[in-house]
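Engineer: when you get a sec, could you give me coordinates for this:
(chains A and B)
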Amino acid sequence: DIQMTQSPSSLSASIGDRVTITCQASQDISDYLNWYQQKPGKAPKLLIYDASNLEAGVPSRFTGSGSGTDFTLTISRLQAEDIATYYCQQYDNLPYTFGQGTKLEIK
Amino acid sequence: EVQLVESGGGLVQPGRSLRLSCTASGFRFGEYAMIWVRQAPGKGLEWVGFIRSRTYGETTEYAASVKGRFTMSRDDSKRIAYLQMNSLKTEDTAVYYCTRDQRFGPTVGAMDVWGQGTTVTVSS
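Structural biologist: Just a heads-up that it's a prediction; the model follows:
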């Protein structure tokens, strides 16, 4: 199975900060990588697909980059409503696997 | 409005069975693969498996942790996806989400529509 490792596991940042979350795959997954946002008590929401494509309706302050084994989710200017846990997910190989999540909090 | 609604969760004893349903609305259900994801209490997301559309043979794939115990099916005429869960274990306790594959085709990728989830508790 492909292991997806996110860092950091938790992150505290201030409103307006630039925030970066990384996701590393245990083997090359090309760009078969998605990012999800999950707010407390809610279902996850797709943010980025195929590593760098913004899902419709997602604010442009979210960007994804990377290919191969190393990927990044960036929030250009943190807003209060971005407080959530973020997950990466690979779909290059079965079984599809998620990272362990990054919990983002306001400082 | 594009929507998925899960039902069928509840409390069940170890070794028993449960069937979850996922009712779709607002899109051409039959054209999409449907994916199940679960989340144990306080834990991260775990991919459970998916069922492709009829165009791609309604083929299924499962996580090793559920293979042989869980079965996915679909009834396109009713716009419902099912997750039949047999021989349940305490470690199957989780919120189960039904999701939609983002695009058509044999490759199942991003999950762009999610249900609200249904809670399954396996306990004696």
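Engineer: list the contacts of the most centrally placed residue in chain A.
Structural biologist: By CA atoms, centre = their mean, chain A has its centre lying nearest to A:Trp35, at 4.0 Å. Residues counted as contacts of A:Trp35 (CB atoms under 8 Å, 6 or more residues apart in numbering or on different chains) are A:23, A:46-49, A:62, A:64, A:73, A:86-89. C-beta: built from backbone N, CA, C; applies to glycine.
Engineer: same thing with A:Phe71?
Structural biologist: By CB under 8 Å, 6+ apart, the residues touching A:Phe71 are A:22-25, A:33, A:51, A:64-65, A:88.
Engineer: please enumerate the strands of chain B.
Structural biologist: B:3-7, B:10-12, B:18-25, B:34-39, B:45-51, B:60-62, B:70-75, B:80-85, B:94-101, B:111-114, B:118-122 (DSSP state E).
Engineer: burial of B:Gln13, as a residue count?
Structural biologist: 10 (other CB atoms under 10 Å in any protein chain shown).
Engineer: just give the number of residues close to the residue nearest to it when sequence neighbours are not counted.
Structural biologist: Ranked by CB to CB, 6 or more residues apart in numbering or on different chains and with sequence neighbours excluded, the top spatial neighbour of B:Gln13 is B:Ser124, at 5.4 Å. B:Ser124 has 7 neighbours, counted by other CB under 10 Å.
Engineer: contact residues of chain B facing chain A?
Structural biologist: B:37, B:44-47, B:61-64, B:97, B:102, B:107-112, B:114-117 (CB under 8 Å from any CB of the partner chain).
Engineer: swap in 7 Å and give it another go.
Structural biologist: Residues of chain B lying close to chain A by CB under 7 Å from any CB of the partner chain are B:44-47, B:61, B:63-64, B:97, B:102, B:108-112, B:114-117.
Engineer: related to what we said a few turns ago, surely the residue nearest to B:Gln13 is in contact with B:Pro14?
Structural biologist: Yes: using CB atoms under 7 Å, B:Ser124 is in contact with B:Pro14, at 5.9 Å.
Engineer: show me what contacts A:Tyr87?
Structural biologist: By CB atoms under 7 Å, 6 or more residues apart in numbering or on different chains, the residues touching A:Tyr87 are A:36, A:38, A:44, A:98-99, A:101, B:44-45.
Engineer: want to try JSON lines for the residues you listed, with neighbour count as columns?
Structural biologist: Shown next, in JSON lines, are the contacts of A:Tyr87 (neighbours: other CB atoms under 10 Å in any protein chain shown):
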{"residue": "A:Tyr36", "neighbour count": "27"}
{"residue": "A:Gln38", "neighbour count": "19"}
{"residue": "A:Pro44", "neighbour count": "24"}
{"residue": "A:Phe98", "neighbour count": "21"}
{"residue": "A:Gly99", "neighbour count": "27"}
{"residue": "A:Gly101", "neighbour count": "20"}
{"residue": "B:Gly44", "neighbour count": "14"}
{"residue": "B:Leu45", "neighbour count": "24"}
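Engineer: understood, closing this out.
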